[in-house]
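[1] no sequence on this one, just coordinates:
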């Protein structure tokens with residue numbers, strides 16, 4: 001996946017997977033729902049999709065084999081049915097699982113919440129996994145890109161934001177960085193986004209809070225936008241994707257590209 005033009009990446013928030021606390025025992029429904037959501041994004045005209053075990057709360061730092069197996073199955077079904085570039089995010093910060101799944105299903109990129117540094121989260125202290133991921137990338141070479149959060153949402157950070165950007169790129173070897181709001185659906189701090197775009201040597205993505213209303217304001221300061229909440233019915237994160245809202249956002253992005 002390249003960033004020759006600004007991209008919209010739509011989220012497929014999976015229903016609770018086998019092994020998670022909220023799993024209801026119906027894995028076929030998990031697969032069918034995920035494929036339905038992915039098809040909506042493709043039909044709406046999104047540039048890529050990312051699959052995430054969003055509803056597997058409470059999240060562990062690294063996931064169980066059951067999660068890896070079931071997420072792999074879902075991702076493979078989507079890969080076979082959808083032509084868009086595919087990304088994988090394994091919450092809370094299992095980059096090894098994400099890369100392994102991506103490698104197996106021939107996905108295009110992964111998201112890593114804490115590639116470098118330390119985050120204080122509801123899962124406890126999460127430490128960067130740059131070394132472990134680099135080691136795996138060396139053992140299993142591929143074209144899979146690593147999109148890494150800088151000061152990820154749902155966390156507290158005590159380091160300097162600018163230094164964190166440089167460390168994530170230069171020492172963590174991220175292929176792109178992600179700047180988000182404080183929570184899922186939370187709008188990104190525009191000044192932080194501007195700073196990231198100013199100093200980053202790799203593409204910058206907005207990781208949360210992109211809406212129809214604020215996309216024009218954010219447009220010139222990012223190379224891509226990861227969108228989950230706004231395209232859901234009534235703009236509620238827990239709802240299914242609303243195809244008309246998704247189309248509306250794509251149409252706005254197309255008009256901004258022409259300006």
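    Okay, I see it. No experiment lies behind these values; they were computed from the predicted model shown. Residues are numbered from 1 along each chain as shown.

[2] ok, which stretches of this protein are helices?
    Along the chain, the stretches classed as helices by DSSP state H are 27-44, 65-81, 95-105, 130-139, 161-166, 190-199, 215-218, 243-258.

[3] what's the most buried one of those helices?
    Comparing these on average neighbours per residue, with mean count of other Cβ atoms under 10 Å, the densest one is helix 95-105 at a mean of 22. To be clear about C-beta, it is placed using only N, CA and C from the backbone, and glycine gets the same treatment.

[4] Any stretches of the chain with poor pLDDT?
    The chain contains no residues with pLDDT under 70.

[5] at 80 what do you get?
    Applying pLDDT under 80 to the chain flags the ranges 1.

[6] Quick check, central residue of it?
    Central residue of the chain (Cα atoms, centre = their mean): residue 111, 5.0 Å from the mean position.

[7] I figured that one hits residue 87, correct?
    Yes: applying Cβ atoms under 8 Å as the test, residue 111 and residue 87 come out as touching, 6.3 Å apart.

[8] where do the contact lists of these two overlap?
    Common neighbours of residue 111 and residue 87, counting by Cβ atoms under 8 Å, 6 or more residues apart in numbering, are 50, 147.

[9] returning to that earlier point: which one, of the helices of the chain, ends up nearest to residue 53?
    helix 65-81 (5.9 Å; Cβ to Cβ).

[10] Who are the packing partners of the closest one?
    helix 27-44, strand 48-52, strand 86-89, helix 95-105 (3 or more Cβ pairs under 8 Å, 6 or more residues apart in numbering; DSSP states H and E).

[11] right, so of these, which gets closest to residue 169?
    helix 95-105 (15.8 Å).

[12] Report all helices and strands that the closest one contacts.
    helix 65-81, strand 86-89, strand 109-112, helix 130-139.

[13] quick revisit: can I get the helices of the chain in TSV including distance to residue 146?
    Shown next, in TSV, are the helices of the chain (distance: least, Cβ to Cβ, whole Å):
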stretch	distance to residue 146
helix 27-44	22
helix 65-81	17
helix 95-105	8
helix 130-139	7
helix 161-166	15
helix 190-199	16
helix 215-218	23
helix 243-258	24
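
[14] quick one: which of those helices is nearest residue 153?
    helix 190-199 (12.0 Å).

[15] Give me the contacts around that closest one.
    Taking contacts as Cβ under 8 Å, 6+ apart, the residues outside helix 190-199 that touch it are 150-151, 161-162, 165-166, 177, 179, 204, 206, 217-218, 221-222.

[16] In CSV: the helices and strands packed on helix 95-105, plus distance to residue 16.
    Below are the helices and strands packed on helix 95-105 laid out as CSV (distance: least, Cβ to Cβ, whole Å):
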stretch, distance to residue 16
helix 65-81, 10
strand 86-89, 16
strand 109-112, 19
helix 130-139, 26
